[in-house]
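Enquirer: Just the structure for this:
(chains A and B)
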Protein chains: 2
Amino acid sequence: MAAQFRALRDSIEHNMIAEIIAVGSEMLTPHRQDTNSLYLTAGLNRLGVSVAFKTIVGDNFEHLVSAAGIAIRRADIVVFSGGLGPTEDDLTREAAARALGIGAHRDDAVLEGLRQRFAARKIPMPANNQKQADVLDGAILLENKNGSAPGQWLDTVVAGPQGQPHRKIVILLPGPPGELKLMFDSECRPRLSAVLPARHIATRMLRMALIPESSVDARTAPIYQKFTDVETTILAGKGEIQLHFSAAKPTLAEARARVDELAELIEAEMGEDIFSNDGSTLEEVVQLMLGLRDMTLSVAESCTGGLLSERLTAVPNISRNFVGGAIVYSDALKMKFARVPAEVLDQYGAISAEVARALAEGIRAETGSSLGIGITGLAGPAVPTTGPDAGKPVGLVYIGLSDGEDTQVKQLQLPGDRGRIRLWASMHALEMLRRYLQ
Amino acid sequence: MAAQFRALRDSIEHNMIAEIIAVGSEMLTPHRQDTNSLYLTAGLNRLGVSVAFKTIVGDNFEHLVSAAGIAIRRADIVVFSGGLGPTEDDLTREAAARALGIGAHRDDAVLEGLRQRFAARKIPMPANNQKQADVLDGAILLENKNGSAPGQWLDTVVAGPQGQPHRKIVILLPGPPGELKLMFDSECRPRLSAVLPARHIATRMLRMALIPESSVDARTAPIYQKFTDVETTILAGKGEIQLHFSAAKPTLAEARARVDELAELIEAEMGEDIFSNDGSTLEEVVQLMLGLRDMTLSVAESCTGGLLSERLTAVPNISRNFVGGAIVYSDALKMKFARVPAEVLDQYGAISAEVARALAEGIRAETGSSLGIGITGLAGPAVPTTGPDAGKPVGLVYIGLSDGEDTQVKQLQLPGDRGRIRLWASMHALEMLRRYLQ
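Expert: Numbering: from 1, shown residues only, chains lettered A, B, ... in the order given. Take a look at the predicted model:
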């Protein structure tokens, strides 16, 4: 008993890890995805529990027993979602019992509740539904206010590989999100709080654009690696790098102090490369800076075809600082809406530094805005075979930014397909604008 | 050898099952989700391979080795996505090698390729990136056309619990979707086809826009339910309904005949509501129809802020039929670029049928295109409190379509937030255009 008690205390005092098992063959098709785990993860994280594994398994008894057994061995808390319905495909109860090596019994009170539920709707209860009253030996039933299948909560001890006792909490929740969320909040969170040590989690995020992930990591790893009590995650995608920090401490003040301390050191290292330390998007930062400087912006987009404008106008209230602009897909519109001289198009081609400059200067003059941006480039896949742009490579993009006095032009050679080239071109334009405004 | 040969043949002749392991701590947070597995599942299904398990695991060596080992034991094909980057967190190569009990070596050619990639961008290669050249012993490298990390393909034999040989295919793919999708299609599908038994799966998809899912289901279920050998899935999202049909038969001709038979009956029922029966997007259908009728298009966008132009210009070669247009976010630009009379703005407000009509007619006249579209509306969340638009509700959108002789104007009251209103407004514009061209 003394050994068992110590083991229980240890497993509570150490960070507990959770595994979420989403049960249902539909989530193994190309068309449907588990989303319950996002909600469960947020709830578990708030209680100081990390999710270490997620498993998605179909309505197959053998696979489900195997997945349940693995989860019970490697995690402290195992949460199942789905497979508690009345059909032959609903196997979570049976599989959890098999994996735990325990039995189950039919609960008369639950059975009576199910009968009344059907009676109230004047439908005879199908025999299948009886199995929804099967309860794992030792489990507590969790009320389902939004459906027929009750959940189950089992706080138990299983033997480890050397026979040492491990405390495990096994939770069975129904799959429909409305049932699962309510049951997790009302039935599971209070029980988990009572079992878990009090911990408070603080998080921070720093965002950067257009920097290689490896160089961010090379510069920041020497700093964040010293913060062994702060979990650091680097996310990269769509031209952006995010650094996420998370710390769990006995008090919220302590947790906040640690993530703030780390964030400040990283900010000092990365400097102006960081565009946001409060979660704002690059578009939101640009909007804020335009507002602070009381400036307006217009754009003339060729290869991005409206993407830059669309991103800017996704931000509410940007109309104070963004007047609009033109999609100058044809040469005729480059001349008409952005005053690009015909001889510049003829001499240098539409995909040129000269045209990017003319677009930025022209759209600014035409709209009367403080700043103008012009983007021209070749997003592919087709390449011009005649005229002044013949032979220019896919991915060649020029961006001009004019404030009426000076115009800067940036030349890019972007890799990837049409969608990636257009996305990165819009990122570069936003980042040029941010650095100009800073 | 005879036993081994039989085991190999058996595992090929039986249905092979796959496991997908998505690697990355970000997918164990409430903020990010694995989506690559949906694409991979579709591709594997088309080859006759079912996905039996999906595992999501963080950037933790011990967890990753454990998950890899489990997958290699229980699945025939194991596909990893993610964890091939250059950072210390990128551990998939090392973990797969450990789980398989094999070594890895640094490939000079890959290393040289990485160096050249950095040299081309004039950035010194961080030392970290060298590990992207580490290759599992016996593996084939898979070219990454969209990024720096090559993938890996290992066709190997591992010993089962009783020492019997099992053929296993282990595939390492990069996490960024653009890299993963291209690599799976160009590098993995041909190799898998060569390994797998011939089963023929035919699929069809019918696409509709802006119709409630329930009414599509009510009209089509009586038809598709009779085709018990065809799997039918209805997907709804972003203003679109997709009906997916899939049949597996001994010959491709038989499989195709069944999905075609069902698709034709559904097409007869849904008629012109179906915009595509060959996978084309609504934008692509519009492009095709503009091309067939030899017409050009211009747009003047206010509340959608460039989204319609961006969607149209995502289609390659649309420049033949799309000349561009204007983002008329301010009233001044509505007048300047789309000839909207000041008195119309004053009298009816910018969010009005009259302005949508004037935008469509004006941008058409200004650009000389065959057709003009004008969009104006209130995407929110702020509402005008003064002027002629005061009191108009969020979600009120007007779309005009002009061909120079007639102009039709559609009034919409769209639910949801700013993003949803803008997206649905762009869908309605595209669908108006398609029905006009049809």
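Enquirer: where in chain A is pLDDT low?
Expert: Filtered on pLDDT under 70, chain A yields the residue ranges A:1-15.
Enquirer: Can you tell me which helices and strands the host helix or strand of A:Leu288 packs against?
Expert: Element membership for A:Leu288, per DSSP states H and E: helix A:282-292. Judged by 3 or more C-beta pairs under 8 Å, 6 or more residues apart in numbering or on different chains; DSSP states H and E, the packing partners of helix A:282-292 are strand A:274-276, helix A:307-313, helix A:418-437. From N, CA and C alone the C-beta is placed, and that goes for glycine too.
Enquirer: for those, which one sits closest to chain B?
Expert: helix A:307-313 (2.7 Å; C-beta to the nearest C-beta).
Enquirer: Show me what that closest one is in contact with.
Expert: Helix A:307-313 is contacted by residues A:283, A:286-287, A:297, A:299, A:301, A:318, A:322, A:324-325, A:327, A:373, A:375, A:422-423, A:425-426, A:429-430, B:301, B:304-307, B:309-310, B:327, B:329, B:422 when judged by C-beta atoms under 8 Å, 6 or more residues apart in numbering or on different chains.
Enquirer: pull the CA atoms of whichever helix or strand comes after it into CSV?
Expert: The C-terminal neighbour of helix A:307-313 among helices and strands, as given by DSSP H and E, is strand A:322-327. Taking C-alpha atoms only, strand A:322-327 is exported to CSV below (Å, rounded to 0.1, in the frame of the first residue of the first chain):
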residue,chain,number,x,y,z
PHE,A,322,-7.4,51.9,-47.3
VAL,A,323,-9.1,53.7,-50.2
GLY,A,324,-8.9,50.8,-52.7
GLY,A,325,-7.1,50.6,-56.0
ALA,A,326,-7.1,48.7,-59.2
ILE,A,327,-6.7,45.1,-60.5
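Enquirer: Give me the helices and strands touching the helix or strand just after strand A:322-327, please.
Expert: Sequence-wise, the next helix or strand downstream of strand A:322-327 (DSSP H and E) is helix A:331-338. Contacts defined by 3+ C-beta pairs under 8 Å, 6+ apart place helix A:331-338 against strand A:297-301, strand A:322-327, helix A:342-348, helix A:353-367, strand B:322-327, helix B:353-367.
Enquirer: Mean neighbour count, these: which tops it?
Expert: strand A:297-301 (a mean of 32; mean count of other C-beta atoms under 10 Å in any protein chain shown).
Enquirer: Identify the residues contacting whichever strand or helix holds A:Val51?
Expert: Assessed by DSSP H and E, A:Val51 sits inside strand A:50-57. Residues outside strand A:50-57 that contact it (C-beta under 8 Å, 6+ apart) are A:15, A:17-23, A:27-28, A:34, A:37, A:40-41, A:44-45, A:63-64, A:67, A:70-71, A:74-75, B:27-28, B:52-58, B:60, B:63, B:67.
Enquirer: Can you select the buried ones among those residues for me in ChimeraX?
Expert: Per 16 or more other C-beta atoms under 10 Å in any protein chain shown, the buried members of the contacts of strand A:50-57 correspond to this ChimeraX selection:
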select /A:17,18,19,20,21,22,23,27,28,34,37,40,41,44,45,63,64,67,70,71,74,75 /B:27,28,52,53,54,55,56,57,58,60,63,67
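Enquirer: Of all the helices and strands packed on helix A:331-338, which one comes closest to B:Gln130?
Expert: The closest of those to B:Gln130 is helix A:353-367. By C-beta to C-beta, the value is 35.5 Å.
Enquirer: Can I get that closest one as PDB, trimmed to CA atoms?
Expert: Written as PDB, here are the backbone C-alpha positions of helix A:353-367 (Å, rounded to 0.1, in the frame of the first residue of the first chain):
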ATOM      1  CA  ALA A 353      11.000  47.000 -61.900                       C
ATOM      2  CA  GLU A 354      10.000  50.000 -64.000                       C
ATOM      3  CA  VAL A 355       6.400  49.000 -64.200                       C
ATOM      4  CA  ALA A 356       6.200  48.100 -60.500                       C
ATOM      5  CA  ARG A 357       7.500  51.600 -59.800                       C
ATOM      6  CA  ALA A 358       5.100  53.200 -62.300                       C
ATOM      7  CA  LEU A 359       2.200  51.300 -60.800                       C
ATOM      8  CA  ALA A 360       3.000  52.400 -57.200                       C
ATOM      9  CA  GLU A 361       3.500  56.000 -58.200                       C
ATOM     10  CA  GLY A 362       0.600  56.000 -60.600                       C
ATOM     11  CA  ILE A 363      -2.000  54.500 -58.300                       C
ATOM     12  CA  ARG A 364      -1.000  56.800 -55.500                       C
ATOM     13  CA  ALA A 365      -1.300  59.900 -57.800                       C
ATOM     14  CA  GLU A 366      -4.600  58.600 -59.300                       C
ATOM     15  CA  THR A 367      -6.300  58.000 -55.900                       C
END
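Enquirer: right, and the helix or strand after it?
Expert: Downstream of helix A:353-367 (by DSSP H and E), the next one is strand A:371-377.
Enquirer: Are the helix or strand just after that next one and chain B in contact anywhere?
Expert: Downstream of strand A:371-377, the next assigned helix or strand under DSSP H and E is strand A:396-402. No: applying C-beta under 8 Å from any C-beta of the partner chain, one finds strand A:396-402 out of contact with chain B, separated by at least 13.3 Å.
Enquirer: Next up, the contacts around A:Arg258.
Expert: With C-beta under 8 Å, 6+ apart, A:Arg258 has these contacts: A:202, A:227, A:229-230, A:247, A:249.
Enquirer: A:Val383 too?
Expert: A:391-394.
Enquirer: separation between the nearest residue to A:Thr251 once chain neighbours are set aside and A:Val79?
Expert: Spatial nearest neighbour of A:Thr251, chain neighbours left out: A:His200 (5.9 Å); criterion: C-beta to C-beta, 6 or more residues apart in numbering or on different chains. A:His200 is 22 Å from A:Val79, where distance means C-beta to C-beta, to the nearest Å.
Enquirer: The residue nearest to A:Thr251 pairs with what?
Expert: A:Lys249 (DSSP bridges).
Enquirer: Please give me every residue in contact with it.
Expert: A:48, A:248-252, A:254-255.
Enquirer: Now list the buried members of these.
Expert: A:48, A:248-249, A:255.
Enquirer: where do the strands sit along the stretch 51-200 of chain A?
Expert: A:77-81, A:104-106, A:134-136, A:140-142, A:151-159, A:165-173, A:200-209 (DSSP state E, counting those that start in this stretch).
Enquirer: Would you mark the buried spots in the second one?
Expert: For strand A:104-106, a neighbour-count test (16+ other C-beta under 10 Å) marks A:Ala104 as buried.
Enquirer: Tell me if A:Ile20 really is in a helix.
Expert: No: when DSSP: H, G, I helix; E, B strand; the rest coil is applied, A:Ile20 is found to be strand, with no helix at that position.
Enquirer: Assess the claim that it and A:Ser37 are in contact.
Expert: Yes: using C-beta atoms under 8 Å as the test, A:Ile20 is close enough to A:Ser37 to be in contact (4.5 Å).
Enquirer: Need the residues touching each of the two.
Expert: A:51, A:54, A:81.
Enquirer: Give me the residues contacting stretch A:337-348.
Expert: A:300, A:326, A:328, A:331, A:334-335, A:352, A:354-355, A:358-359, A:361-363, A:365-366, A:374, A:388, B:324, B:326, B:337.
Enquirer: what residues are up against A:Leu91?
Expert: Counted by C-beta under 8 Å, 6+ apart, A:Leu91 has contacts A:23, A:59-61, A:64, A:83.
Enquirer: List, out of these, those positioned next to chain B.
Expert: Checking the contacts of A:Leu91 against chain B (C-beta under 8 Å from any C-beta), the matches are A:Asn60.
Enquirer: ok, of the contacts of A:Leu91, which one's closest to A:Ile274?
Expert: Looking across these and measuring by C-beta to C-beta, the closest to A:Ile274 is A:Val23, at 41.7 Å.
Enquirer: in terms of contact, does that closest one touch A:Gly83 like I think?
Expert: Yes: counting by C-beta under 8 Å, A:Gly83 is a contact partner of A:Val23 at 3.8 Å.
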